[in-house]
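**Student:** Build me a model:
(one chain, ligands or ions: 1)
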Amino acid sequence: MNMNDLIVKKRDGGALSKDEIRYFINGYTEGEIPDYQAAALLMAIFFRKMDKFETFELTDAMRYSGDTIDLAGVRGIKVDKHSTGGVGDKTTLIVAPLAAACGIPIAKMSGRGLGFTGGTVDKLEAIPGFRTAMEPEDFLQQVNDIGIAVIGQTAHITPADKKLYALRDVTGTVENLSLIASSIMSKKLAAGSDAIVLDVKCGRGAFMEEQAEAEALGEIMCEIGRAAGKKTVAAITDMSQPLGKAVGNSLEVIEAIETLKGRGPSDITALSLCLAGIMICLGGRVKTTAEGKILARQALESGAGLNKLRSFIARQGGDERVIDDYELFPQSSLRREILAREGGFINGIDARAIGLASQHTGAGRRTKEDDIDLSAGIVLHKKTGDKVSKGECLATVFSSSQGRLADAEKEVARAFDISKEKKGEPKLVKKVLGL
Ligand code: URA
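**Tutor:** Just a heads-up that it's a prediction; the model follows:
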């Protein structure tokens, strides 16, 4: 077998066999296949696509390209949750403690942000002292003791995805159904949970802008999960505007805490309860997702979710006092208010533009190696459908650099679409697949 033949086969629209896919994944992971040939194959896949069989085989080859996690030592049905990536998506920080408070063991591996999307590990690291690296035995012990642990992805899990994702990111080959599905599902399957809840985003701030594309992605990921013997459910949710009001690491943790105190924005609260309800149902506590949602709401209203977050932060070395004192989070030295140039209704807030603006503030990375400013970001004061008067504050931008603030400011102002007529608000949860 040789790589050139595989590239030509895919370039001409052929389907790769199981052995060919394994040859590629193993050879690339081992460093035997160079980046230029891997990039050529990715581009051929991007244009010619993969069929279902190839997508399943690609996922499997990546899943076993490194270590896999054995969660057999954790009692109960372990349920994982994954978002395909968005702007202002801090739901894991809310959903994981809520589900754990309802008795669902959460043994979760999360990623860092890249480009205009954020990542849970960066958000958790905004909590002073919080550790996202842990020995495997301590990880399992923590889940058995307090019902929840979240760690960063280790270098040994799905190394093929790590290399390929970095290459896709710089070769214009991210937005392909098979490549996204195999990338996400290989990690989820290697992480060892019994059931998986996927939050598949659609809209301007998502990889899949159209709902039909997001549904196709949700369908194939559910099929991959089920074929691997895991209950898998996908919620197709809106990412046309940022989720909640805060974008940026410490700002998002504060919003998650506020949500667990019952004071969160309505969209983030609704989505968190929906996802937690599905997790509680898949975890076997109740028969329907509606019953799961009732339990999640009770955990929110009773403060059980907030208490779970508190013990989770403390157990991973974080300063749990942040829950009552937001000044303990890193603080930006500069802030700027963005005022409406005209009055009317907010017709839309371009999630991608806000994500890019957040990156400009220093909250996000341009390359994997970039350091981030944990205090920086944006707080929106208006959301789609809201009325606004000329001169009213639309958003506050936080940064510690004048130059960054100025770049972000322009992007935030551009993101708001204001019109005289009020148009409909986007539907938050568009569909749930796989139930
Ligand atoms: N998230 C992933 O982990 N992989 C992708 O390809 C896209 C989003």
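**Student:** roughly how far apart are the residue in the stretch 201-350 of the chain positioned nearest to the ligand and G115?
**Tutor:** Using CB to the nearest ligand atom, F207 is the residue of the stretch 201-350 of the chain that sits closest to the ligand, at 5.7 Å. Yep, even glycine has a C-beta here, placed from its N, CA and C like the rest. According to CB to CB, to the nearest Å, F207 stands 10 Å off from G115.
**Student:** So which of the two has more stuff around it?
**Tutor:** Under the criterion of other CB atoms under 10 Å, the comparison of F207 against G115 puts F207 first, with 20 against 16.
**Student:** any idea how far I257 is from whichever residue of the stretch 101-250 of the chain sits closest to the ligand?
**Tutor:** Here the stretch 101-250 of the chain gets closest to the ligand at one residue, S183, 3.5 Å apart by CB to the nearest ligand atom. Noted for S183: a distance of 31 Å to I257, by CB to CB.
**Student:** Show me the helices in the stretch 51-200 of the chain, by range?
**Tutor:** Per DSSP state H, counting those that start in this stretch, the stretch 51-200 of the chain carries helices over the ranges 52-63, 91-101, 120-125, 136-146, 159-169, 177-190.
**Student:** which helices and strands does the last one pack with?
**Tutor:** Using 3 or more CB pairs under 8 Å, 6 or more residues apart in numbering; DSSP states H and E as the contact definition, the elements that helix 177-190 packs against are helix 35-48, helix 52-63, strand 79-83, helix 159-169, helix 211-227.
**Student:** Just the mean pLDDT for the shortest one, thanks.
**Tutor:** Right, the one you point to is strand 79-83. Strand 79-83 shows a mean pLDDT of 95.
**Student:** give the contact list for A246.
**Tutor:** When contacts are counted by CB atoms under 8 Å, 6 or more residues apart in numbering, A246 is found next to 88, 90, 252, 254-255, 377-380.
**Student:** Inside strands: which ones of the residues you listed?
**Tutor:** Among the contacts of A246, DSSP state E puts 377-380 in strands.
**Student:** now, among these, which is nearest to the ligand?
**Tutor:** Distance to the ligand, by CB to the nearest ligand atom, is smallest for G377 among the ones in strands among the contacts of A246, at 20.8 Å.
**Student:** my read: that closest one touches N249, true?
**Tutor:** Yes: look at G377 against N249 with CB atoms under 8 Å: they come within range, at 6.8 Å.
**Student:** Cross-check the contact I'm expecting between E258 and S272.
**Tutor:** No: E258 lies out of contact with S272 (CB under 8 Å); the separation is 11.8 Å.
**Student:** which residues are common contacts for the two?
**Tutor:** Counting by CB under 8 Å, 6+ apart, the shared contacts of E258 and S272 are G264.
**Student:** hmm, back to that, export the helices and strands packed on helix 177-190 as TSV, with columns for mean neighbour count.
**Tutor:** Listed next are the helices and strands packed on helix 177-190 as TSV, based on neighbours: other CB atoms under 10 Å:
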stretch	mean neighbour count
helix 35-48	18
helix 52-63	22
strand 79-83	27
helix 159-169	20
helix 211-227	20
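**Student:** quick revisit: out of the contacts of A246, which end up buried?
**Tutor:** Burial by neighbour count, judged by 16 or more other CB atoms under 10 Å, picks out 88, 90, 252, 254-255, 377-380 from these.
**Student:** ok so, going back, could you dump the helices and strands packed on helix 177-190 into CSV with distance to the ligand added?
**Tutor:** Listed next are the helices and strands packed on helix 177-190 as CSV, based on distance: least, CB to the nearest ligand atom, whole Å:
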stretch, distance to the ligand
helix 35-48, 11
helix 52-63, 10
strand 79-83, 8
helix 159-169, 6
helix 211-227, 9
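**Student:** ranking the ones you listed by mean pLDDT, which is last?
**Tutor:** helix 159-169 (a mean of 92).
**Student:** how many other residues sit next to A133?
**Tutor:** Other residues lying near A133 total 10 when counted by other CB under 10 Å.
**Student:** Name the nearest residue to it, sequence neighbours excluded.
**Tutor:** Among residues not flanking A133 along the chain, G152 sits closest, at 6.1 Å (CB to CB, 6 or more residues apart in numbering).
**Student:** my read is A290 is in a helix, agree?
**Tutor:** Yes: if the criterion is DSSP: H, G, I helix; E, B strand; the rest coil, then A290 is within a helix.
**Student:** can you tell me how far it sits from V200?
**Tutor:** A290 is 21 Å from V200, by CB to CB.
**Student:** Looking at these two, which one has more neighbours?
**Tutor:** V200 (31 against 10).
**Student:** who's more crowded, E258 and S272?
**Tutor:** Between E258 and S272, S272 has the larger neighbour count (other CB under 10 Å), namely 29 against 19.
**Student:** Give the bridge partners for D417, please.
**Tutor:** D417 has the following beta-bridge partners by DSSP bridges: G348.
**Student:** number of nearby residues for it?
**Tutor:** Using other CB under 10 Å, D417 is surrounded by 15 other residues.
**Student:** so who does it touch?
**Tutor:** 346-350.
**Student:** so M109 touches L189, yeah?
**Tutor:** No: using CB under 8 Å, M109 is not in contact with L189, being 11.6 Å away.
**Student:** confidence score at the closest residue to the residue of the stretch 201-350 of the chain closest to the ligand other than its chain neighbours?
**Tutor:** In space, and not counting its chain neighbours, F207 is closest to E175: 5.3 Å by CB to CB, 6+ apart. At E175, the pLDDT value in this model is 89.
**Student:** Can you pull the phi and psi angles for E175?
**Tutor:** Backbone dihedrals for E175, given as degrees, to the nearest 10, come out at phi -80, psi 60.
**Student:** That one and G377, how far apart?
**Tutor:** Using CB to CB, E175 is found at 25 Å from G377.
**Student:** and what of R204?
**Tutor:** Remark: distance between R204 and G377 (CB to CB) = 18 Å.
**Student:** Same question for A72.
**Tutor:** Using CB to CB, we find A72 at a distance of 39 Å from G377.
**Student:** again with D371
**Tutor:** 15 Å.
**Student:** Likewise for G111?
**Tutor:** According to CB to CB, G111 stands 18 Å off from G377.
**Student:** ok, now I104?
**Tutor:** For I104 relative to G377 (CB to CB), the value is 30 Å.
**Student:** quick one: low-confidence parts of the stretch 201-350 of the chain?
**Tutor:** Within the stretch 201-350 of the chain, no stretch has pLDDT under 70.
**Student:** which residues sit against stretch 272-288?
**Tutor:** Contacts for stretch 272-288 (CB under 8 Å, 6+ apart): 76-79, 81, 91, 94-95, 98-99, 102-105, 195, 197, 199, 231, 233, 235, 259, 264, 289-297, 299-300, 429, 432, 435.
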